[in-house]
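*Asks:* make a model of this:
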Amino acid sequence: MIITATEFKNNFGKYLNLVREEDLFITKNGKIVAKVINPNVSATKQLTGILEGKIDAAFSKKDIRNERVKRYEISD
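*Replies:* Model (predicted):
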C-alpha cells in the first residue's frame, strides 16, 4: 500500500497493524521515501498469491508485473 508521510504519522497505529499483512510504501512530495515491512514474513511468502488462482495459465513478464503493480496502487 502507498501512503503519504502525513497519513502514516497521523494514523501510525492503524498502519502498524496493517504492516502485518502487506508492505507499506511511504511518500513525501509524491516520491516514495520509505518502505515498511514485516520482518517476520519471508520474501517467498510475500510473493505467494501474486498470481493466486492463475497457476495453470502462461504469463509473460508484463502480466506478472501488472499483477504486482495492482497490489501497490494508490487508493482514493
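*Asks:* quick check: Met1 vs Lys70, distance?
*Replies:* Using Cβ to Cβ, to the nearest Å, one gets 12 Å for the distance from Met1 to Lys70. Glycine gets a C-beta too; all of them are placed from N, C-alpha and C.
*Asks:* try Lys31
*Replies:* In this structure, Lys31 lies at 21 Å from Lys70, with Cβ to Cβ as the measure.
*Asks:* so which of these two has more stuff around it?
*Replies:* Using other Cβ atoms under 10 Å as the criterion, Lys31 and Lys70 rank with Lys70 on top: 9 against 6.
*Asks:* Gly13 versus the more buried one, what's the distance?
*Replies:* With Cβ to Cβ as the criterion, Lys70 and Gly13 are 27 Å apart.
*Asks:* now the end-to-end length of stretch 2-11.
*Replies:* Across its full length, stretch 2-11 reaches 14 Å end to end, with Cα to Cα, to the nearest Å as the criterion.
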